[in-house]
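In: no FASTA, just this:
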């Protein structure tokens, strides 16, 4: 019998494959306006989730939550094309971030303290990326 993690993984993989097919269609669609399309949809779907919660209708709530997941996957795919993000990095960063935060809470460290440390680490990473990018641009300009 498959575990919840295995079943969830298979279903997420299947949904991602469908979203990738949809992403190819989006590229030639009149209604698609890049990542903003899915940011708007996520906002709308979250409102539908909020509206559905008081009704306590499980199947309707699950449907709306599925719409949020669908739009989030499509947002990630759109951002992969529009910027330099990688979906795998987004997931890996989320795992690392929340493992650190939950681990900190388990050790009696406040969420805010670990969050502040993470922000400093992230800023250092961004500064290093910016310096690398600036150096590459300068080298390109000098070679002309």
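Out: Arrived safely, thanks for sending. Only a predicted model underlies this, so the values are computations on that prediction, with no experimental measurement involved.
In: need the helix or strand of the protein with the lowest average pLDDT.
Out: Every helix and strand of the chain was ranked by mean pLDDT, DSSP states H and E. The lowest is helix 111-142, at a mean of 88.
In: for that one, packing partners?
Out: If contacts are counted by 3 or more CB pairs under 8 Å, 6 or more residues apart in numbering; DSSP states H and E, helix 111-142 sits against helix 87-106. C-beta here means a position set from N, CA and C on the backbone, and glycine is covered the same way.
In: and the helix it packs on, what does it pack onto?
Out: The contact analysis (3+ CB pairs under 8 Å, 6+ apart) places helix 87-106 against helix 58-82, helix 111-142.
In: so which of those is the most packed in?
Out: Burial of the helices and strands packed on helix 87-106 is given as mean neighbour count (mean count of other CB atoms under 10 Å); helix 58-82 ranks first at a mean of 16.
In: residue contacts, residue 79?
Out: Neighbouring residues of residue 79 by CB atoms under 8 Å, 6 or more residues apart in numbering: 35, 85.
In: what's the angle between the least confident helix or strand of the chain and helix 87-106?
Out: 150 degrees (axes from the mean of the first three to the mean of the last three CA atoms, to 10 degrees).
In: quick one: residue 53 and residue 61 touch, right?
Out: Yes: between residue 53 and residue 61 a contact is recorded at 6.5 Å, counting by CB atoms under 8 Å.
In: And this protein, split by domain according to the record?
Out: As given by automatic domain parsing, the domain ranges for the chain are 7-25+34-85, 86-144.
In: rank those domains by pLDDT, which is bottom?
Out: Mean pLDDT is lowest for domain 86-144 among the domains of the chain, at a mean of 91.
In: and that domain, how far out from the chain's middle?
Out: Domain 86-144 sits 15 Å away from the centroid of its parent chain (CA atoms, centre = their mean, to the nearest Å).
In: tell me what the helix or strand that contains residue 52 is packed against?
Out: Per DSSP states H and E, residue 52 falls inside helix 35-52. Other elements packing on helix 35-52 under the criterion 3+ CB pairs under 8 Å, 6+ apart are helix 58-82.
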